[in-house]
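Visitor: Need a 3D model of the sequence below.
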Amino acid sequence: MTLSRRRFLSISAATLAFAPSAQATPLYRWQGTALGARATITLSHPAAERITKSARAEIERLEQVFSLYRATSALSQLNATGHLDAPPFELLDCLSLAAAAHRATAGLFDPSVQPLWDLYARSYSAGHAPAEADIATARAYGTWADLRYDADAISLRPGMALTLNGIAQGYIADRIAHLLQAEGLSEILIDTGELRALGGNPQGGDWPVTLDAPDRPQIGLRDRALASSAPLGTVFDADATAGHILDPRTGKPATARWHLISVTAESAAIADALSTAMCLMSPEEIATTQAAIAGAKVVHLASA
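Guide: As a prediction, the model looks like this:
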């Protein structure tokens, strides 16, 4: 398989563009990873290294909840066994947000597509698209409606599995923001693959973000989140035609109707989920979904 992935700035569709200022307080920028994506935390503070060390520890802890690539993570254990007793609060919290996104998107945001995702990855690794019969089998394992969860346990149907890759990066950004805000901090930009701004840029104004689109539109962030998705941002095949966002209605990759969709919201998790699901929507469906979530706004919609 060639699970090719555009470089991070193309996937997240955002780059920072700081305006130089001779009188500005220097910005400190930590760089690492979160769920496989490049992560940064940008701030201006005398204790910036201590602050980002605390944030790094939280990112590591949340990786152990949400990662699909760590066999010991809570999500991996759930997928492997179909049951998880005493699930972590963060996993339950993220599932609750996923449920809200599922409702707002008329079911198009559906973390139960993981068996399909795995099928596509394995099939293209073997040099071919998945067979229709195999797609039907993967779809029959279960849907979001078959998920059972509460504070005591999470249960899946046999063969069922979840992916939270369309919401967890945003969720981690939100958790880091809550952690730092609880310490009385502000004017910080958190990027875990999706962006979450606390306050504005300490050098003045909003945090400036330039979208990776042909016209290079700029978005100012202040106490907001921004998430972007592209149907062909990550692809399964060498020809870059089979995108990673799968339609739960058909079991097929999203059609390449959109080049890039960018959404702002108060929550990075919600913005993340909405931008993912909107890759499967018509313009009318996008407008309806935007209206269903208070504070959500599509700030960029580029046709393919």
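
Visitor: Do a quick rundown of the helices in this structure.
Guide: All helices of the chain, identified by DSSP state H, fall at 8-12, 48-66, 74-81, 89-104, 114-125, 132-139, 168-182, 268-278, 283-292.

Visitor: Comparing these, which stretch has the densest surroundings?
Guide: Greatest average neighbour count among the helices of the chain goes to helix 268-278 (a mean of 30), per mean count of other Cβ atoms under 10 Å. Placement of C-beta: from N, CA and C, glycine included.

Visitor: name the helices or strands packed onto that helix?
Guide: helix 89-104, helix 168-182, strand 225-229, strand 258-265, helix 283-292 (3 or more Cβ pairs under 8 Å, 6 or more residues apart in numbering; DSSP states H and E).

Visitor: so which of the helices of the chain gets nearest G243?
Guide: Closest to G243 of these, according to Cβ to Cβ: helix 114-125, at 9.7 Å.

Visitor: In PDB, list the C-alpha atoms belonging to that closest one.
Guide: Output of helix 114-125 as PDB, limited to C-alpha atoms (Å, rounded to 0.1, in the frame of the first residue of the first chain):
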ATOM      1  CA  GLN A 114     -12.700   2.000  10.800                       C
ATOM      2  CA  PRO A 115     -13.200  -1.600   9.400                       C
ATOM      3  CA  LEU A 116     -13.800   0.000   6.000                       C
ATOM      4  CA  TRP A 117     -10.700   2.200   6.400                       C
ATOM      5  CA  ASP A 118      -8.600  -0.900   7.300                       C
ATOM      6  CA  LEU A 119     -10.000  -2.700   4.300                       C
ATOM      7  CA  TYR A 120      -9.000   0.100   1.900                       C
ATOM      8  CA  ALA A 121      -5.600   0.300   3.500                       C
ATOM      9  CA  ARG A 122      -5.000  -3.500   3.200                       C
ATOM     10  CA  SER A 123      -6.400  -3.700  -0.300                       C
ATOM     11  CA  TYR A 124      -4.300  -0.900  -1.800                       C
ATOM     12  CA  SER A 125      -1.300  -2.300   0.000                       C
END
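
Visitor: just to revisit the earlier point, can you list the helices of the chain in CSV and add mean pLDDT?
Guide: Converted to CSV, the helices of the chain look like this (pLDDT from 0 to 100):
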stretch, mean pLDDT
helix 8-12, 31
helix 48-66, 96
helix 74-81, 98
helix 89-104, 98
helix 114-125, 97
helix 132-139, 97
helix 168-182, 96
helix 268-278, 98
helix 283-292, 96
